[in-house]
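Asks: sequence plus the predicted model coming up.
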Amino acid sequence: MSTFLLEIVTPERLIYSEQADSLVVRGLEGELGILPGHVPFVTPLQIAPVTIKANGKEQKIAVAGGFVEVRKEKVVILAESAELANEIDVDRARAAKERAETRLSSNRDQFDHRRAELALQKAMNRLKVSGQ
């Protein structure tokens, strides 16, 4: 079975750089499955887990926005932030989720409401990837 090089990069560091069998990401139009030889494209990503299949194993990475670029033999995810499941601080993610829910329940202006929605999405994404 053929593979492709997958790189996940944030402004701070290279998160992942290995050969992959397949990849599932969530773009603005929904979930996208990427296999070797996929047609090249670039699309923005939503806050959602990225699922990587490589060597018969599945791995999830919490990605908070960014872009995916699919090339002939390489896929690059340029993420605003990304965390491997074992790097996620579950207590911190739970606390962030609770803070965001509290902010959403209070009557704030539209800007604060949108920031709280994004914070809640990020926290829930981190908890999902960590298995909590």
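Replies: Good, I have the coordinates. Keep in mind the model is a prediction, meaning the values are calculated, not measured. Residues are numbered from 1 along each chain as shown.
Asks: what is the helix or strand bottoming out on mean pLDDT in the chain packed up against?
Replies: The helix or strand of the chain with the poorest confidence is helix 110-130; it has a mean of 79 (mean pLDDT, DSSP states H and E). If contacts are counted by 3 or more C-beta pairs under 8 Å, 6 or more residues apart in numbering; DSSP states H and E, helix 110-130 sits against strand 41-54, strand 57-70, helix 90-105. Glycine gets a C-beta too; all of them are placed from N, C-alpha and C.
Asks: low-confidence stretches in the chain?
Replies: 1, 107-111, 132 (pLDDT under 70).
Asks: repeat that for 90
Replies: 1, 28-29, 65, 72-73, 85-132 (pLDDT under 90).
Asks: OK, contacts around the spatially most central residue of it?
Replies: Nearest to the mean C-alpha position of the chain, by C-alpha atoms, centre = their mean, lies Val63 at 1.9 Å. Residues counted as contacts of Val63 (C-beta atoms under 8 Å, 6 or more residues apart in numbering) are Ile8, Val25, Leu45, Ile47, Ala48, Pro49, Val50, Ile77, Ala79, Ser81, Ala82, Asn125.
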